[in-house]
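Asks: Could you work out the structure for the sequence below:
(2 chains)
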Amino acid sequence: MSAGAGVGVLEAAKDVTAPRDEGPVLLKGCDAIAEAAIRSGVDAYFAYPITPQTDIPEYLAEHLPPLGKTFTQANSEISAINMVYGAAGAGLRVMTSSSSPGISLKQEGISYIAGAELPCVIVNVMRGGPGLGTVYGSQEDYWQSVKGGGHGGYRMPVMAPATVQECADLTMLCFRLADLYRTPTLLCLDGTLGQMWENVQFKPMDNSGLPAKDWTTTGTRGARKPNLVNSIIIEPPELEAHNQVLHAKAAKMEQEEQRWESCATEDADLVIVAFGLTGRIARTAVEALRKAGRKVGLLRPISLFPFPTDAFRPLVKERRRYLVVEMNAGQMVEDVKRTLYDLQCLDPVKFYGRQGGVIPTPEEIADVVVREYAQGGAR
Amino acid sequence: MTATVTEDKVLPRVEFDAVVCKGCGLCIEACPEHIVEFAEVFNHRGVHPTRLMEDTLAKCTACGNCAVVCPDGAVTVENLRKHLRYGKNRLRCGEMHYCPGCDEGTVHELLAEVIDDLGIRDVTVGVASVGCTVFAYRYIDIDWQQAAHGRATSVAWGIECQHPELRVFTLQGDGDLAGIGIGETFHAAARGDPTVLIFLNNAIYGMTGGQLAPTTMMGQKTATSPEGRNREVHGYPIVMTEALALQQGCSFAVRATVHDAPAIRKTKKYIRQAFQNQEKNRSLSVVEILSSCPSGWKLEPIDAHRYVMQEMLKVYKPGVIKEPPGGMPR
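Replies: Presented below is the predicted three-dimensional model:
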């Protein structure tokens, strides 16, 4: 269950970041995340089984222990996220994964991790809710992911892949951002993408410019004053100062970590805004509509927090219409409207969505767009 | 208030810190020579600090009991003849937030002494929990993590999973360990984590003002069992340490008290054994310490210790519950 005595974290990390094999490999989304975690140098992974993310713990149960890394199946998601807290506080590169109801259970721990400024990666392979809902993929955790989820008003980077390749790339990015900002990060994907098989080309982990971890609790070794990993700050002015530091970090993320993909938006008079799997489906719809002569584009947010407001800056110079498509009842709509409002743009924003694990088809989305045109909504 | 060392060189050095003293009076009860008393003056806390009676130093046998029972490290006794010192350990820091006479201060002292004695300060990481021990990290000068309520053992496993060289312990109350965190606690025992689990059982929720706890005894009155715990309303208390001892991954389980100086000395031995077992055995060690909660129990500190002796020990039997394979660590 644990590495041999004296194996330092950094020393061990070197071993696993060595190339395992070159060239593209065929993997499902969940496995690509797990493999990317290994290639990112993950030291410890803690989770509890829940559909549809269970491929991740199964993959890591097989591949982590031979590397001398920790795989622990915890007694609950609550326990797992608190193991993440302890391990991250001890300087490990650490990950947990779950699906929607399990992520709800982790929220208290994520709040503590945010408060204590601990770097870690949390993966949510989303399924339909609320409650036990369904095991089929969904995007109904957008609000939970980007608006806090747990208590206390923290923010953290939230990345939403649309391909298996992005599952791998964004997992590595999440590890990087976690260490760069000393923050929990969330990789947020639809359950369907977790089960999709595609070729993946793994890239090397970028550890450049990451700050030294001089705050970890690994014993003072007679070399420094004791460290404390903590989220309790009783005195209001002190907590206020701490929260200002946290929100300054979030503001920096908003400046520097926005990510999106734009497709045929320049001349578009209607722009579909969709993330994750829905963004991928909408892309197919856009391609079909373009062939039919409709000037339709796609804006796919990859970072859900920070929301890619900069992507809208060039768009608002012209009058357009916006159609937000999600696999929920319209959660990202408010961020699109807020962004346009902040850019003093009053262009109309419509929404189309499916819920409960129902996946919209490209034809369905194209039909909605055509109806918009028929109503004179788009020029 | 320092007792003067007289011309007689074998007289002990005894010091009562009137500023730190919370006036619990446990040292008065502990002195076999009955030479400790409350001062007439008030200190800044508004309590009468204790002191050695005037001209009684010659009677002092330097047994150190007054220092051993002081939860706040306010008393120091030096036996100059035997070169023995009783009082606050050098790893202790900060002024404790605990109520007067609370045993948790005493347990902090024992932990500091054991960590210091074993020379493991540099590799020890403590895990503070939620409850009265929430600020435990302020009082022992080592690395600490502060865990969410009930999750201390999970946090501990996170710390030690890739760091087998670290000596990790948790400090948890009964609500944290046997209430909200019972799942985490049992699974730490089932996994056989190498954690030392210090379980402070005062049969009440102290921090929130004295409500019913999982270990509240039948008939015991609390803020949420005003007529006393009864089966119909509250169910039965959980006997935790015996249950943990049943798990294969728990290698050492013991129940102790700190209600008087001999009990405190015995408890220190158990804590030391737990840390020694951690080094040799690397499987969960549990030290349950029956602790008084004078504020929650609405008793004077001395009466609270009598309650531990007379009531708690009837329900929670002291002694070694499970020995590690190969016997007790030496």
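
Asks: make it CA atoms for all contacts and neighbour counts henceforth
Replies: Noted.

Asks: all strands for the stretch 51-200 of chain B, in order.
Replies: Here the stretch 51-200 of chain B has its strands, by DSSP state E, counting those that start in this stretch, at B:75-79, B:84-86, B:124-128, B:143-146, B:167-173, B:196-201.

Asks: which helices and strands does the shortest one pack with?
Replies: Counting contacts by 3 or more Cα pairs under 8 Å, 6 or more residues apart in numbering or on different chains; DSSP states H and E, strand B:84-86 is packed against strand B:75-79.

Asks: cutoff 10 Å now
Replies: strand B:13-16, helix B:65-69, strand B:75-79 (3 or more Cα pairs under 10 Å, 6 or more residues apart in numbering or on different chains; DSSP states H and E).

Asks: State the number of residues packed around residue 54.
Replies: The chain I'm using is chain A. Using other Cα atoms under 10 Å in any protein chain shown, residue A:54 has 19 other residues around it.

Asks: please go with chain B instead
Replies: 10.

Asks: Settle this for me: it is touching residue B:60, isn't it.
Replies: No - the pair residue B:54 and residue B:60 fails to qualify as a contact (Cα atoms under 10 Å) at a distance of 11.8 Å.

Asks: shared neighbours of those two, anything?
Replies: With contacts defined as Cα atoms under 10 Å, 6 or more residues apart in numbering or on different chains, the residues shared by residue B:54 and residue B:60 are B:35-36.

Asks: And the strands in the stretch 201-330 of chain B?
Replies: Ranges of strands in the stretch 201-330 of chain B, per DSSP E, counting those that start in this stretch, are B:204-205, B:211-212, B:250-257, B:284-290, B:319-322.

Asks: What segments of chain B are helices?
Replies: Using DSSP state H, the helices of chain B run over B:26-30, B:65-69, B:103-118, B:152-160, B:174, B:182-191, B:231-234, B:240-245, B:261-281, B:294-297, B:301-307, B:313-315.

Asks: so how far is the third one from its chain's centroid?
Replies: Computed by Cα atoms, centre = their mean, to the nearest Å, the chain-centroid distance of helix B:103-118 equals 8 Å.

Asks: And that helix, what does it pack against?
Replies: Checking 3+ Cα pairs under 10 Å, 6+ apart, helix B:103-118 ends up next to helix B:65-69, strand B:167-173, strand B:196-201, helix B:261-281, strand B:284-290, helix B:301-307.

Asks: Repeat that for the shortest one.
Replies: Using 3+ Cα pairs under 10 Å, 6+ apart as the contact criterion, the secondary-structure elements in contact with helix B:174 are strand B:196-201.

Asks: so what strands line up beside the strand it packs on?
Replies: strand B:167-173 (parallel), strand B:284-290 (parallel) (DSSP bridges).

Asks: can you state the direction angle for it and helix B:103-118?
Replies: Counting by axes from the mean of the first three to the mean of the last three Cα atoms, to 10 degrees, strand B:196-201 points 160 degrees away from the direction of helix B:103-118.

Asks: follow-up on the earlier one: and among the helices of chain B, the most buried is which?
Replies: helix B:152-160 (a mean of 31; mean count of other Cα atoms under 10 Å in any protein chain shown).

Asks: Is chain A within reach of that helix?
Replies: Yes - Helix B:152-160 reaches chain A (Cα under 10 Å from any Cα of the partner chain) through B:152-160.

Asks: Tell me what residue A:271 is bridged to.
Replies: residue A:297, residue A:322.

Asks: On the pLDDT front, check residue 245 for me.
Replies: All of this refers to chain A. We have a pLDDT of 98 for residue A:245.

Asks: Actually, chain B is the one I wanted.
Replies: 98.

Asks: So which of the helices and strands packed on helix B:103-118 is nearest residue B:108?
Replies: strand B:167-173 (9.2 Å; Cα to Cα).

Asks: Give me the contacts around the following helix or strand past that closest one.
Replies: As assigned by DSSP states H and E, the chain's next helix or strand after strand B:167-173 is helix B:174. Outside helix B:174, the residues that touch it by Cα under 10 Å, 6+ apart are B:131, B:150, B:180-182, B:199-206, B:213-216, B:238, B:240, B:288, B:290.

Asks: Give me the buried subset of the residues you listed.
Replies: With burial judged by 16 or more other Cα atoms under 10 Å in any protein chain shown, the buried subset of these is B:131, B:150, B:181-182, B:199-206, B:213-216, B:238, B:240, B:288, B:290.

Asks: follow-up on the earlier one: reformat the strands of the stretch 201-330 of chain B as CSV; add distance to residue A:180.
Replies: Putting the strands of the stretch 201-330 of chain B into CSV (distance: least, Cα to Cα, whole Å) gives the following:
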stretch, distance to residue A:180
strand B:204-205, 40
strand B:211-212, 43
strand B:250-257, 39
strand B:284-290, 35
strand B:319-322, 46
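
Asks: now the ones you listed in JSON lines, with mean pLDDT and distance to residue A:147?
Replies: Compiled in JSON lines, the strands of the stretch 201-330 of chain B are given as follows (pLDDT from 0 to 100; distance: least, Cα to Cα, whole Å):
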{"stretch": "strand B:204-205", "mean pLDDT": "96", "distance to residue A:147": "33"}
{"stretch": "strand B:211-212", "mean pLDDT": "96", "distance to residue A:147": "35"}
{"stretch": "strand B:250-257", "mean pLDDT": "98", "distance to residue A:147": "41"}
{"stretch": "strand B:284-290", "mean pLDDT": "98", "distance to residue A:147": "39"}
{"stretch": "strand B:319-322", "mean pLDDT": "97", "distance to residue A:147": "48"}
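
Asks: quick one: which of the ones you listed is nearest residue A:145?
Replies: strand B:204-205 (34.0 Å).

Asks: Could you export the helices and strands packed on helix B:103-118 to TSV, including columns for distance to residue B:79?
Replies: Below are the helices and strands packed on helix B:103-118 laid out as TSV (distance: least, Cα to Cα, whole Å):
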stretch	distance to residue B:79
helix B:65-69	12
strand B:167-173	32
strand B:196-201	30
helix B:261-281	17
strand B:284-290	28
helix B:301-307	26
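
Asks: With respect to residue A:23, which of those lies nearest?
Replies: strand B:167-173 (42.9 Å).

Asks: Contact partners for residue 96?
Replies: No chain was given, so I picked chain A. With the criterion set at Cα under 10 Å, 6+ apart, residue A:96 makes contact with A:44-48, A:56-57, A:72, A:77, A:80-81, A:83-84, A:103, A:106, A:120-124, A:186.

Asks: try chain B instead
Replies: B:20, B:71-73, B:104-105, B:108, B:135-136, B:138-139.

Asks: ok, now residue A:309?
Replies: So residue A:309 contacts A:254-255, A:258-260, A:301, A:335-336, A:338-340, A:342-343 (Cα under 10 Å, 6+ apart).

Asks: now, which of those sits nearest residue A:317?
Replies: residue A:343 (9.7 Å).

Asks: Tell me how far the closest one lies from residue A:315.
Replies: From residue A:343 over to residue A:315 the distance is 10 Å, taken as Cα to Cα, to the nearest Å.

Asks: Counting neighbours, go ahead and name the busier of those two.
Replies: residue A:315 (19 against 15).

Asks: residues contacting that one?
Replies: Contacts of residue A:315 by Cα under 10 Å, 6+ apart are A:265-269, A:271, A:299, A:340, A:345.

Asks: Now list the buried members of the residues you listed.
Replies: Among the contacts of residue A:315, those classed as buried by 16+ other Cα under 10 Å are A:265, A:268-269, A:271, A:299, A:340, A:345.

Asks: Which residue ranges make up each domain of the chain?
Replies: This is for chain A. A:12-256, A:260-374 (automatic domain parsing).

Asks: wrong chain, I was asking about chain B
Replies: B:13-86, B:103-322.
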